[in-house]
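Visitor: output the structure for:
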Amino acid sequence: MPGETYRFHHIHVFCSDLDATERWFIDAFDAQVAERRNSRGTPQTILMLGQLQLMLRPRRPDESLDPSVSTHFGIDHFGLGVDDLDAVAADLRRRGIPLEVEPMEWRPGLRIAFVRGPDDVRIELLEHAAPRG
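Guide: Residues are numbered from 1 along each chain as shown. Next comes the predicted model:
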């Protein structure tokens, strides 16, 4: 529709272990459970990460994980903005969450790091700041 305004709504994470994935996002990023419900007979959890809505759901019985049946080109990663990347990295390490990519300056004014969540979901942490001297 011409002139339509698109707004971010959610990120859907297809997970092999719903409970473990839910716990990981709660423990790693202090996500809050907004709702637990059934989605066409399959349990689903909706988590809030700040203003970000994460929908977690395991495979339904009629869905295949066989790559020969269906090639999946899914989300490479999602990003979470932070105010102090070094403090967040230290807190994640304290919580037992290893960093896949340590904090680094990607370009002047942008520092990034990556962690890997359940089912190989990559999460980028971004700090927008004045360029470091």
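Visitor: rest of the way, CA atoms for contacts and neighbours
Guide: Noted.
Visitor: how much space between the nearest residue to residue 46 once chain neighbours are set aside and residue 36?
Guide: Once flanking residues are discounted, residue 46 sits nearest to residue 55: 4.6 Å by CA to CA, 6 or more residues apart in numbering. According to CA to CA, to the nearest Å, residue 55 stands 10 Å off from residue 36.
Visitor: so for whichever helix in the chain runs longest, mean pLDDT?
Guide: Taking DSSP state H as the criterion, the chain has its longest helix at helix 18-29. On average, the pLDDT along helix 18-29 is 94.
Visitor: mind giving me the packing neighbours of it?
Guide: Packing contacts for helix 18-29, counted by 3 or more CA pairs under 8 Å, 6 or more residues apart in numbering; DSSP states H and E, involve strand 42-49, strand 52-57.
Visitor: which helices and strands does the longest one pack with?
Guide: Right, the one you point to is strand 42-49. Checking 3+ CA pairs under 8 Å, 6+ apart, strand 42-49 ends up next to helix 18-29, strand 32-39, strand 52-57.
Visitor: change it to 7 Å
Guide: Judged by 3 or more CA pairs under 7 Å, 6 or more residues apart in numbering; DSSP states H and E, the packing partners of strand 42-49 are strand 32-39, strand 52-57.
Visitor: the shortest one pairs with which strands, parallel or anti?
Guide: Next to strand 52-57 in the sheet, as set by DSSP bridges, lie strand 11-14 (parallel), strand 42-49 (antiparallel).
Visitor: buried set for that strand?
Guide: 53-57 (16 or more other CA atoms under 10 Å).
Visitor: excluding sequence neighbours, find me the nearest residue to residue 43.
Guide: The shortest distance from residue 43 to any non-neighbouring residue, by CA to CA, 6+ apart, is to residue 37 (5.8 Å).
Visitor: give me the neighbour count for the one you found.
Guide: Other residues lying near residue 37 total 12 when counted by other CA atoms under 10 Å.
Visitor: restrict the strand or helix carrying residue 91 to CA atoms and write it as CSV.
Guide: Using DSSP states H and E, residue 91 maps to helix 85-94. As requested, the backbone C-alpha atoms of helix 85-94 are provided in CSV (Å, rounded to 0.1, in the frame of the first residue of the first chain):
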residue,chain,number,x,y,z
LEU,A,85,29.8,-1.8,25.9
ASP,A,86,32.7,-2.6,28.2
ALA,A,87,30.5,-2.8,31.3
VAL,A,88,27.9,-4.9,29.5
ALA,A,89,30.7,-7.3,28.3
ALA,A,90,32.0,-7.6,31.8
ASP,A,91,28.5,-8.3,33.1
LEU,A,92,27.9,-11.0,30.5
ARG,A,93,31.2,-12.7,31.4
ARG,A,94,30.2,-12.5,35.1
